[in-house]
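> pasted the sequence and its predicted model underneath.
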Amino acid sequence: MPALAAPAADLRTALERAADYPRLRYMGSKYKLAPALAQVFRDLGGETFLDAFSGSGFVGYLAKSMGYAVTSNDYMGYGRAIASAAIGASEPLLSPDLIEQITGPAADDRSFIQDTFENVFFTADDRKFLDSAWSHIDSLDGHTKDAALAALILSAARKQPRGVFTISGDLSHYDDGRRDLRLPMREHFIEHAAAYNRIAFDNKRDHQAFKGDALELEKTAYDVVYLDPPYAPPSDDADYTKRYHFLEGLSDYWAAGEIMEHTKTKKIPKRHSAFASKRTAAEALRATFEKFSDAGALVVSYSSNSVPGMDWMIAELGKVKASVEVHKIPHTYSFGTHGTALRRQAHEYIFVAKD
């Protein structure tokens, strides 16, 4: 596998660039693991990189910053939009005029968000802005549309207490004084549009972003395949639809019309993932390792809180690659963001399997 030119100074530059990435408060985010992941990617080298469970898009952006041609995939639509905006953009896409247009008077009289989520999420003014912004975003296309969507998605996520959409109604008891909770949604969008503009750069490579099941991706021999599947905890599941259903609907303006009207938070039907349940995670992981066995290397992020455990992971990765290294990193998981939030010590594992 050809070595990727990345001397120490370039590694520092990549980490500095990644530090500016617009942060979505996201279950399983890898911001704190950036130095360890960057070192692994640098040591492996190569030119092509697959982020098969892209989530917040951060790791794919880190790989882009290190010179890779990045393919991103996520089974949630908002994950695809964010990756397309952050990784696919080679230059700033949201001009001052376009931002002014999106934050100005509505282009039509749509009111779906205002009507559907009254007394559920956000203030009347914020819901009206989301409808209005979409009236303009609807006419955009390509990476520009995805950049505007990413800024809108981040705005909604930052404005929602705790960043998840399992809570609704009067959320004043979650108010921890953060500026994000007081900033109008329109101002959020202006700030986050500028943030996505700032991180745009051209690394002279082609990048792609897909929405779908990782097991259904076209089989391609990437130099590095990075896998960060939903972690299946022993006594729960990792249901991203439940936590982020509003962001998923916002990513395509609820195009499928799948609102579950009987639910308090107006959820959409669960997007099943075999990786997220302890009953099906082992077989899903095994199938994924086999599917990408032709890659130069498999890099897997995993948690000591999850099932199956470390020994199983080493054994299964060893069936498709000659050697398996394990990097163990102490990590604190936080359940909630308020002052009495439950915090639990665990370890993040980075498995590196290669021939």
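Perfect, I can see it now.

> please name every helix or strand in contact with the helix or strand D146 falls within.
In this structure, D146 is located in helix 142-159 according to DSSP states H and E. Contacts defined by 3 or more C-beta pairs under 8 Å, 6 or more residues apart in numbering; DSSP states H and E place helix 142-159 against helix 77-88, helix 96-102, helix 124-137, helix 185-199, helix 240-252. (C-beta placed from N, C-alpha, C; glycine too.)

> and the strands in this protein, which stretches?
Along the chain, the segments classed as strands by DSSP state E run 48-51, 69-74, 208-211, 224-227, 297-303, 323-335, 342-354.

> now mean pLDDT, mean neighbour count and distance to R23 too, for the ones you listed, in TSV please.
Formatted as TSV, the strands of the chain follow (pLDDT from 0 to 100; neighbours: other C-beta atoms under 10 Å; distance: least, C-beta to C-beta, whole Å):
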stretch	mean pLDDT	mean neighbour count	distance to R23
strand 48-51	98	27	17
strand 69-74	97	26	17
strand 208-211	96	20	19
strand 224-227	98	27	19
strand 297-303	95	22	17
strand 323-335	78	14	14
strand 342-354	80	17	18
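
> so which residue is dead centre in this protein?
In the chain, the residue lying closest to the centroid (C-alpha atoms, centre = their mean) is S56, at 1.7 Å.

> isn't that one right up against S29?
Yes. Using C-beta atoms under 8 Å, S56 is in contact with S29, at 5.2 Å.

> got any residues that touch both of those two?
Overlap of the contact sets of S56 and S29 (by C-beta atoms under 8 Å, 6 or more residues apart in numbering) consists of R23.

> so which of the helices and strands packed on helix 142-159 is nearest K321?
Each of those has some distance to K321 by C-beta to C-beta; the shortest is helix 77-88, at 26.0 Å.

> can you list the neighbours in contact with that closest one?
Contacts for helix 77-88 (C-beta under 8 Å, 6+ apart): 21-22, 24, 51, 54-57, 60-61, 64, 70, 72-74, 93, 143, 146-147, 149-151, 153-154, 196, 199, 207-211, 244, 247-248, 250-252.

> got the angle for it vs helix 142-159?
Angle, helix 77-88 to helix 142-159, by axes from the mean of the first three to the mean of the last three C-alpha atoms, to 10 degrees: 120 degrees.

> pull helix 77-88 out as PDB, backbone CA atoms only.
Taking C-alpha atoms only, helix 77-88 is exported to PDB below (Å, rounded to 0.1, in the frame of the first residue of the first chain):
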ATOM      1  CA  GLY A  77     -30.100  11.300   5.700                       C
ATOM      2  CA  TYR A  78     -28.800  14.100   7.900                       C
ATOM      3  CA  GLY A  79     -25.400  12.200   8.100                       C
ATOM      4  CA  ARG A  80     -25.200  12.200   4.300                       C
ATOM      5  CA  ALA A  81     -26.000  15.900   4.000                       C
ATOM      6  CA  ILE A  82     -23.400  16.800   6.600                       C
ATOM      7  CA  ALA A  83     -20.700  14.700   5.100                       C
ATOM      8  CA  SER A  84     -21.500  16.100   1.600                       C
ATOM      9  CA  ALA A  85     -21.300  19.600   2.900                       C
ATOM     10  CA  ALA A  86     -18.100  19.200   5.000                       C
ATOM     11  CA  ILE A  87     -16.100  16.800   2.900                       C
ATOM     12  CA  GLY A  88     -17.400  17.400  -0.600                       C
END
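
> any regions of this protein where pLDDT drops low?
Where the chain drops to pLDDT under 70, the residues are 1-9, 232-238, 331-345.

> and the residue nearest to the centre of the chain, how far from K264?
The gap separating S56 from K264 is 26 Å, by C-beta to C-beta, to the nearest Å.

> how about S303?
For S303, the distance to K264 equals 30 Å [C-beta to C-beta].

> next up, the contacts around L11.
A38, Q39, R42, M66.

> ok, how many other residues are close to the second one?
To tie it back to what came earlier, the one meant is Q39. Neighbour count for Q39, taken as other C-beta atoms under 10 Å: 15.

> ok, it - contacts?
Residues near Q39 by C-beta under 8 Å, 6+ apart: L11.

> that one and L98, how far apart?
38 Å.

> go on, the third one?
For R42, the distance to L98 (C-beta to C-beta) stands at 36 Å.

> next, count neighbours for G309.
Count around G309 with other C-beta under 10 Å applied: 13.

> same question, R12
12.

> over to E248?
By other C-beta under 10 Å, the residues close to E248 number 23.

> for D202, same thing?
Applying other C-beta under 10 Å, I find that D202 has 9 neighbouring residues.

> dihedrals phi and psi, the residue of the chain most remote from its centre?
Here the chain reaches farthest from its C-alpha mean at D109, the gap being 31.1 Å by C-alpha atoms, centre = their mean. Reported as degrees, to the nearest 10, the phi and psi values for D109 are phi -100, psi 20.

> among the strands of the chain, which is nearest P105?
strand 208-211 (31.1 Å).

> that closest one - contacts with which helices or strands?
Secondary elements touching strand 208-211 (3+ C-beta pairs under 8 Å, 6+ apart): strand 69-74, helix 77-88.

> H136: which of these is closest?
Set against H136 and scored by C-beta to C-beta, those come closest in helix 77-88, at 15.7 Å.
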